[in-house]
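Enquirer: Would you be able to build a 3D model of this:
(one chain, ligands or ions: 1)
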Amino acid sequence: MEILSTKFDEVVVISPRIFHDPRGYFFETFQAERYKENGIRCNFVQDNISYSQKDALRGLHFQHPHGQAKLVSVVRGEVLDVVVDVRKGSPTFGQWEGVVLSVENHRQLFVPQGFAHGFCVLSEDALFTYKCSEYYAPDAEHGIAWDDPDVGIKWPIEKPLLSEKDARYPRLRDVDEKNLPVFGGLV
Ligand SMILES: Cc1cn([C@H]2C[C@H](O)[C@@H](COP(=O)(O)OP(=O)(O)O[C@H]3O[C@H](C)C(=O)[C@H](O)[C@H]3O)O2)c(=O)[nH]c1=O
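Expert: Take a look at the predicted model:
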């Protein structure tokens, strides 16, 4: 497996080793010891799958407290996956990074605690699967607006398909500070 860096030291792209043969291909989607050797040390406790239509945009979400680290990938279609640093005191607070994940590139993205996460669907549809290091805690769920002008994410979709909840999230600057994780702290 190959680890690719992003603008954030803690956010990495994993490119698994693919084994091709005349039947098709095989690859390991997670292997605790090898992922720990590559810096992904959290223990995952929950797996999720979401299916989305073209132009759907889910996000930008984070939990605090009970912050979740996520290992995300796509098993059908293609998405632009986006993370935003929402850690109070972080030198990269409010900055974003986007990575294309697809069934073709087999890539995974590790999203650490302290980052808001979301994605938009670039293909006709997408099956998105991810591991979480903390259980779902709806009372601790927060979000920021997908189109926050201060963050300035360059989404390739002008009018995304949003849930009512996602359409109501505030700009990062309007999120109550008590709901933001602390850089370097427990989240
Ligand atoms: C996240 C989650 C949701 N649900 C239930 C709650 C709702 O009745 C329904 C849909 O939830 P929601 O609209 O929050 O789903 P997404 O918009 O895909 O949320 C996810 O979107 C972005 C991409 C993320 O990174 C988070 O993992 C997560 O917030 O599933 C559960 O039962 N367990 C869960 O862990």
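
Enquirer: Which stretches in this protein count as helices?
Expert: Under the criterion DSSP state H, helices of the chain are mapped to 32-37, 164-168.

Enquirer: didn't residue 45 look like it was pressed against residue 134?
Expert: Yes: counting by CB atoms under 8 Å, residue 134 is a contact partner of residue 45 at 6.7 Å. No exception for glycine: its C-beta is placed from N, CA and C like everyone else's.

Enquirer: ok so, going back, so which of the helices of the chain comes closest to the ligand?
Expert: The ligand sits nearest to helix 164-168 of all those, at 6.0 Å, using CB to the nearest ligand atom.

Enquirer: Does anything pack onto that closest one? Which helices or strands?
Expert: Identification of packing neighbours for helix 164-168 by 3 or more CB pairs under 8 Å, 6 or more residues apart in numbering; DSSP states H and E yields strand 57-63.

Enquirer: residues making contact with the strand it packs on?
Expert: 50, 52, 68, 82, 84, 86, 114-121, 128, 134, 136-137, 140-146, 155, 157, 160-163, 166, 169, 181 (CB atoms under 8 Å, 6 or more residues apart in numbering).

Enquirer: redo that, cut-off 6 Å
Expert: If you take CB atoms under 6 Å, 6 or more residues apart in numbering as the criterion, strand 57-63 is touched by 84, 86, 116-118, 120, 137, 140-144, 146, 160, 162.

Enquirer: just stretch 178-187 next, same as before
Expert: Taking CB under 6 Å, 6+ apart as the rule, stretch 178-187 contacts 64, 67, 86, 87, 88, 89, 90, 113, 114, 142.

Enquirer: do stretch 25-36 as well
Expert: 16, 18, 19.
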